[in-house]
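Visitor: here you go, sequence then predicted model.
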Amino acid sequence: MKPYKLVDVLNRLKETPPKQFFAAAFAVVTLVLATCATTALAAGPAPAANPGPPPSSVGVFPLALVHRGQMGVAWTVFEGTAPEPMDVEILGILRGARGPGQDMILARLHGAKAEYTGVVAGMSGSPVYIDGKLLGALSYRIGQFSKEAIAGITPIEDMLEVRDLPPPASLTSATPQSSGETTFTAMETPLLMSGFAPEAIRLWKDRMAGTGLETVSAGGPLGNAESSTTFPDNYPVVPGSAVSLQLVRGDMEIAATCTVTYVDPTQLLACGHPILQAGPVSLPMTTAEVLATLASPLNAFKIINTGREIGAFTEDRASAIRGQLGAHAHMIPVSIDVQPASGKPSQRNVEILDLPQLTPSAVLVTIYQILLETNRSSAGSSYHVTGQIALAGQGNAQLPIPIDSWGTPSDTMAAQLEAAFSVGETFNRLYDNASRLQPIQSIHLRIEQTDQDLRAEIEAVRLISSGIVHAGDTVAVEATIRPWHQPARNIRLPFTIPARLEPGNMRIFVSSSASLDRTLEATRPQGRQATFDAASARLRGLHPADRIFVSLLLPESQASLEGQVLQSLPLSMVNTMEPQRSGSDVGLHGESLQVVAQAPAGGVLTGQQILNLRIEAGGGLH
């Protein structure tokens with residue numbers, strides 16, 4: 001095809017008669033388009049618009065060379081799995097903004113998407129390059145409701161220290177850093193909660209307030225679902241990719257997401273700030289897909305799906321979190337059988353992280369969610385949770401710890417929440433014990449739901465006996481129980497007065513399990529935490545909440561030793577144990593409490609009453 005100069009074509013077009021002008025113009029446009037296409041084909045395929053971020057091996061741009069006015073490029077995922085570039089304008093260095101000797105680079109983000117969304121939760125860790133070298137990670141936001149996309153950058157030199165940092169001797173908690181009157185806070189970590197009801201999410205947010213993990217986003221576990229076409233299993237993790245750390249996984253999921261800054265063949269660095277600054281951690285590390293980036297002047301965040309497991313996060317430090325590629329995290333398996341009042345039973349299986357700062361809350365919220373699940377639940381339902389916590393071998397504590405908790409309706413707390421808190425309290429007494437040496441192996445629970453309010457209280461008690469009572473006699477207590485919105489009923493509990501008792505006054509304690517356990521706890525040493533064996537023994541000794549108990553308050557010495565109650569001690573043994581009170585889990589009390597009778601209460605009982613009994617001298621009735 002003979003080439004034409006554009007000026008020649010336009011001159012000929014001006015000489016065209018008016019009646020033929022439009023046809024000639026159409027021919028010219030067609031010719032120009034064909035010429036452009038031919039030129040493009042001859043030049044070969046156009047280069048990709050976004051070739052992707054440089055690898056971490058490109059080298060480091062030193063903080064000492066950073067100055068105002070420099071331009072760089074940051075990479076993050078706005079949608080899908082491929083990182084996209086955005087321009088970065090360096091505004092300067094804020095000395096000590098992240099702590100003593102910990103500088104922050106201040107920058108303004110440019111580009112249509114960055115200027116529209118602003119600084120986004122989940123963007124933390126996005127790598128920033130100057131002249132093709134790695135400068136650091138976007139990691140901090142400057143205030144709220146900011147009209148400009150201004151962010152703080154953690155220098156890569158500080159982050160690389162985490163790569164080889166040995167675990168510290170002590171663990172600390174992260175707090176926002178400040179400089180002058182402007183507060184610099186770590187970008188919030190968007191938290192995916194999949195399979196959780198709004199009530200459970202609110203409970204999590206209440207417990208996580210101030211940690212940076214309270215931000216909740218929509219999303220779900222993507223895994224290796226065959227329906228996923230945007231997230232192949234072999235998708236590479238590169239600087240700028242989104243990654244998630246899982247706190248709970250299985251039938252429900254809690255996962256936090258940030259952005260990868262640095263990758264080498266064995267590990268990666270992400271976030272550019274701590275999650276909790278917990279030090280050594282063990283958390284599953286997965287790929288992540290960004291479904292959308294939600295713009296908001298108050299709380300912009302990424303909507304996430306988690307992907308396949310690629311390793312484990314092993315460090316949570318001030319400048320970064322570190323993930324070990326191919327590693328496996330330690331989690332606590334939890335299985336829960338659910339038996340609704342009517343309908344088909346079900347089972348839920350999850351794994352929960354093992355980290356003191358988060359595990360108790362994760363256990364509580366997970367159990368609460370499962371208690372909320374049944375379609376038969378209502379404001380008048382009651383819940384009974386039984387099961388056990390399995391422990392690694394550790395002295396007498398190697399036996400499973402039983403769980404026996406109830407939740408009933410009340411004016412102050414929903415039944416499901418009461419049951420969840422009760423289970424959580426039992427778990428925490430083991431998990432938070434300072435002398436625990438081995439991990440929790442597993443938790444297995446069974447939830448039974450009843451379409452009935454099972455609250456009951458002790459309304460009255462009386463002694464059934466003859467006028468004269470002797471040691472060795474069998475007498476009875478009759479208690480009036482008032483179930484919730486039901487007629488009262490009487491329960492008779494016979495017991496035998498110990499034959500060894502001398503004449504005199506004796507008190508009879510008629511109570512619920514809560515009152516009984518609270519009274520026993522008062523006789524134990526106060527002011528220091530029980531040993532793990534003692535705490536385990538106390539948990540095994542708790543009394544069922546749906547029974548009524550009769551106990552004798554005897555004028556005899558009682559001791560508590562490593563969680564075990566020793567009753568009616570002779571004076572010689574009391575004198576032997578007295579010197580041990582200051583150095584071990586030994587408690588002495590001048591009055592013994594001895595349970596002599598119990599019976600089903602027909603509900604979750606509350607209340608207590610005391611009766612007085614006079615033992616006369618002489619032979620008994622038997």
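Guide: Now that the structure is in, tell me what you want to look at.

Visitor: what lines up beside the strand or helix carrying residue 597 in the sheet?
Guide: Assigned by DSSP states H and E, residue 597 belongs to strand 592-600. As defined by DSSP bridges, the strand partners of strand 592-600 come to strand 547-554 (antiparallel).

Visitor: how about the strand it pairs with: buried residues?
Guide: By 16 or more other Cβ atoms under 10 Å, the buried positions in strand 547-554 come out as 547-552, 554. Backbone N, C-alpha and C define where each C-beta goes, glycine included.

Visitor: from the chain's centroid, how far away is stretch 323-333?
Guide: 16 Å (Cα atoms, centre = their mean, to the nearest Å).

Visitor: tell me the phi and psi of the residue lying closest to residue 420 once chain neighbours are set aside?
Guide: Using Cβ to Cβ, 6 or more residues apart in numbering and skipping the chain neighbours, the partner closest in space to residue 420 is residue 368 (3.9 Å). Main-chain torsions, residue 368, degrees, to the nearest 10: phi -60, psi -40.

Visitor: look up how far residue 450 lies from residue 600.
Guide: Distance of residue 600 to residue 450, computed by Cβ to Cβ, to the nearest Å: 15 Å.

Visitor: what is the neighbour count of residue 425?
Guide: Residues near residue 425, counting by other Cβ atoms under 10 Å, number 13.

Visitor: now residue 150
Guide: By other Cβ under 10 Å, the residues close to residue 150 number 18.

Visitor: ok, the one 4 residues further on next?
Guide: Around residue 154 sit 30 other residues, with neighbours defined as other Cβ under 10 Å.

Visitor: okay, and it sits in which element?
Guide: Here residue 154, judged by DSSP H and E, is contained in strand 150-155.

Visitor: list of residues touching that strand?
Guide: Under the contact criterion Cβ atoms under 8 Å, 6 or more residues apart in numbering, strand 150-155 has outside partners 63, 91, 94, 97-98, 103-109, 119, 123, 128, 135-142, 184, 187, 272-273, 319-320.

Visitor: next helix or strand past the strand holding residue 597?
Guide: strand 604-606.

Visitor: can you name the next helix or strand after that next one?
Guide: Next along from strand 604-606, by DSSP H and E: strand 608-616.

Visitor: between residue 600 and residue 450, who's got more neighbours?
Guide: Higher neighbour count among residue 600 and residue 450: residue 450, with 17 against 11, using other Cβ under 10 Å.

Visitor: how about that one, nearest residue that isn't a chain neighbour?
Guide: Excluding its sequence neighbours, the residue lying closest to residue 450 (Cβ to Cβ, 6+ apart) is residue 382, at 4.8 Å.

Visitor: where's the one you found relative to residue 369, distance?
Guide: According to Cβ to Cβ, residue 382 stands 18 Å off from residue 369.

Visitor: over to residue 192?
Guide: For residue 192, the distance to residue 369 (Cβ to Cβ) stands at 14 Å.

Visitor: find the least confident helix or strand in the chain, judged by mean pLDDT.
Guide: Sorted by mean pLDDT, DSSP states H and E, the helices and strands of the chain end with strand 177-179, the least confident at a mean of 41.
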